[in-house]
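> Fold the stuff below for me.
(chains A and B)
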Amino acid sequence: SQELEQSPQSLIVQEGKNLTINCTSSKTLYGLYWYKQKYGEGLIFLMMLQKGGEEKSHEKITAKLDEKKQQSSLHITASQPSHAGIYLCGAAASGNTGKLIFGQGTTLQVKP
Amino acid sequence: DTEVTQTPKHLVMGMTNKKSLKCEQHMGHRAMYWYKQKAKKPPELMFVYSYEKLSINESVPSRFSPECPNSSLLNLHLHALQPEDSALYLCASSLEDSLGSPLHFGNGTRLTVT
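Now for the predicted structure:
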């Protein structure tokens, strides 16, 4: 079965610093989704990547999917306290389905 | 604000109780999902409904019974739960149950079984 490994597990950065979170798959990714979750709340959809080499940005967050479609990165530029939370990568479990499996998550703290 | 609404936000129930979790969306999505999330763990899929029909049951115990009365509503009926079933239950919807349709999540119901 497919597994997603995220690194680092947790991250503490000073406000204004850049950071990167990685998500690595044991198999080729059909689709890769990034979500953010605040403790005890639902997941907020950030971005979806499907093509090898694809890169998407929204405000200060950029996500990339490598050419081999087995690794994705999420980069935050000039972090702010509002970026704090748990970042989860999710992938389609198989083929053409919306069924997602998730990585273990990366907890981000941003110190003012 | 999420466009997927879950009620109640919190629920405490005894092991002999029967209760239901409710989920509603008005985005015209035709796929709806139940996920279970334990503390400090990622969400785990329980059920998928596609066009109001159950398409995936991830070997969930029968004490959890899903229902999709129409394309906008999804229920999860609970009966004779165990304390280890305490968790955050998340509902999600997507345009279709297909690649390229991102899931939109509700804020969840925090369930405590005593």
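
> Roughly how far does the nearest residue to residue A:81 once chain neighbours are set aside sit from chain B?
With C-beta to C-beta, 6 or more residues apart in numbering or on different chains as the measure, residue A:110 is the residue that lies nearest to residue A:81, at 5.0 Å, once sequence neighbours are left out. (Each C-beta comes from the backbone N, C-alpha and C, glycine too.) Residue A:110 sits 20 Å away from chain B, going by C-beta to the nearest C-beta, to the nearest Å.

> residues near residue 58, how many?
This is for chain A. Number of residues near residue A:58 (other C-beta atoms under 10 Å in any protein chain shown) recorded here: 10.

> you looked at the wrong chain, it should be chain B
Residues within reach of residue B:58, counting by other C-beta under 10 Å, total 14.

> How about it, nearest residue that isn't a chain neighbour?
Using C-beta to C-beta, 6+ apart and skipping residues adjacent in sequence, the residue nearest residue B:58 is residue B:45, 5.2 Å away.

> C-terminal to the helix or strand containing the one you found, what's the next element?
Taking DSSP states H and E as the definition, residue B:45 sits inside strand B:44-50. In the C-terminal direction, the helix or strand that comes right after strand B:44-50 (DSSP H and E) is strand B:53-57.

> and that next one, which strands flank it?
Sheet partners assigned to strand B:53-57 using DSSP bridges are listed as strand B:44-50 (antiparallel).

> Let me see the contact set for the residue nearest to residue B:58.
When contacts are counted by C-beta atoms under 8 Å, 6 or more residues apart in numbering or on different chains, residue B:45 touches A:93, A:99, A:100, A:101, B:33, B:34, B:35, B:56, B:58.

> let's see it at 10 Å
Going by C-beta atoms under 10 Å, 6 or more residues apart in numbering or on different chains, residue B:45 touches A:93, A:99-102, B:33-36, B:56-58, B:60, B:90, B:92.

> wait, which of these is closest to residue B:111?
For the contacts of residue B:45, the closest approach to residue B:111 (C-beta to C-beta) belongs to residue B:36, at 9.1 Å.

> Number of residues surrounding that closest one?
When neighbours are counted by other C-beta under 10 Å, residue B:36 registers 21.

> Wait, a helix at residue A:82?
Yes - Residue A:82: assigned to a helix according to DSSP: H, G, I helix; E, B strand; the rest coil.

> Residue A:93 contacts residue A:101, correct?
Yes - in terms of C-beta atoms under 10 Å, residue A:93 counts as a neighbour of residue A:101; the distance is 5.2 Å.
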